[in-house]
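Novice: Predicted model and sequence follow; I will ask about them next.
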Protein chains: 2
Amino acid sequence: MVTKNALARTAFDAIADPTRRAILDHLRRGEVGAGDLARRFPVSRPAIAKHVRVLRQAGLLKERRQAQQRFYSLNPAGLAEVDRWLQPYRLFWGARLVDLKTFVENTDAEK
Amino acid sequence: MVTKNALARTAFDAIADPTRRAILDHLRRGEVGAGDLARRFPVSRPAIAKHVRVLRQAGLLKERRQAQQRFYSLNPAGLAEVDRWLQPYRLFWGARLVDLKTFVENTDAEK
DNA sequence: AATGTATTTAACCATATGGTTACAAAAAAC
DNA sequence: GTTTTTTGTAACCATATGGTTAAATACATT
């Protein structure tokens, strides 16, 4: 097998792990310090640090530093990659999702 | 590390691999036989068979057998798991997606 | 029954992954 | 300037992953 570049992370890689999804889910509530974050999970702090790194490499997290502390928050654009990939599949399970903005604009134009 | 049940696959696991995403992308065009499918990718047939197994375990594929041949097609419901997880994140990147059916029903009700 | 055709499974290999504990780094506080 | 606080990195380990080639399975054809 050819050696893979461990730095090239996609959002798909990042969300494959349940702990990383849980980290993201938690960050929806807002910015969280590294210590607080690690305390919420039943694994060691280094394990969380590694997950955070993967999430950052995938562009899913923003980091803010203040003294020794580091605060993490969601990077809005990150998961859009997954959303875009998913788009054509929505047809298949009947999810009637549309862009509301476009819908409203078109509706207005027809008046 | 605790031994993980290799049979418990989620859609998140399944779509983490780029080859598996490519298989799904290809199946959007319709049902494809195992042989045809394998021929489209630059890896061996057994490799594709293993990817297909992962996709099936995640509930993303349907299988139809006819003689020795096996035909695979998308299982509509499979990716909805990912879509549901993604839902609350849409707020963050400003995707103005709504359920059209619900939108229309509510709009009608207000008349 | 023997052979051919289509496909998965088995066994194996190298690398990736996710966890741990021990160590390093960086800033604050004393 | 030493110590404490907060955090990441290094080294290591066991298991998972994705690939290969060889063998097994299942059905059709002769």
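Specialist: Sure, I can see it.

Novice: CA atoms for contacts and neighbours, from now on please.
Specialist: Will do.

Novice: Show me what residue of chain A gets nearest to DNA strand D.
Specialist: A:G35 (3.1 Å; Cα to the nearest atom of the strand).

Novice: contacting residues for the closest residue to that residue other than its chain neighbours?
Specialist: Leaving out its chain neighbours, the residue that sits closest to A:G35 by Cα to Cα, 6 or more residues apart in numbering or on different chains is A:R45, at 7.8 Å. Going by Cα atoms under 8 Å, 6 or more residues apart in numbering or on different chains, A:R45 touches A:G35, A:A38, A:R39.

Novice: Swap in 10 Å and give it another go.
Specialist: A:A34, A:G35, A:L37, A:A38, A:R39, A:H51 (Cα atoms under 10 Å, 6 or more residues apart in numbering or on different chains).

Novice: Secondary structure element for A:F41, which one?
Specialist: Using DSSP states H and E, no element contains A:F41; it sits outside every helix and strand.

Novice: which residues does it contact?
Specialist: A:T19, A:A22, A:I23, A:A47, A:I48.

Novice: rewinding a little: wasn't the residue of chain A closest to DNA strand D part of a helix?
Specialist: Yes - under DSSP: H, G, I helix; E, B strand; the rest coil, A:G35 sits within a helix.

Novice: ok, it touching A:V52?
Specialist: No - with contact defined as Cα atoms under 10 Å, A:G35 does not reach A:V52; the gap is 11.9 Å.

Novice: who's more crowded, those two?
Specialist: Taking other Cα atoms under 10 Å in any protein chain shown, A:G35 and A:V52 do not tie; A:V52 has more neighbours (23 against 14).

Novice: Then that one would be within a helix, right?
Specialist: Yes - counting by three-state DSSP, A:V52 is found in a helix.
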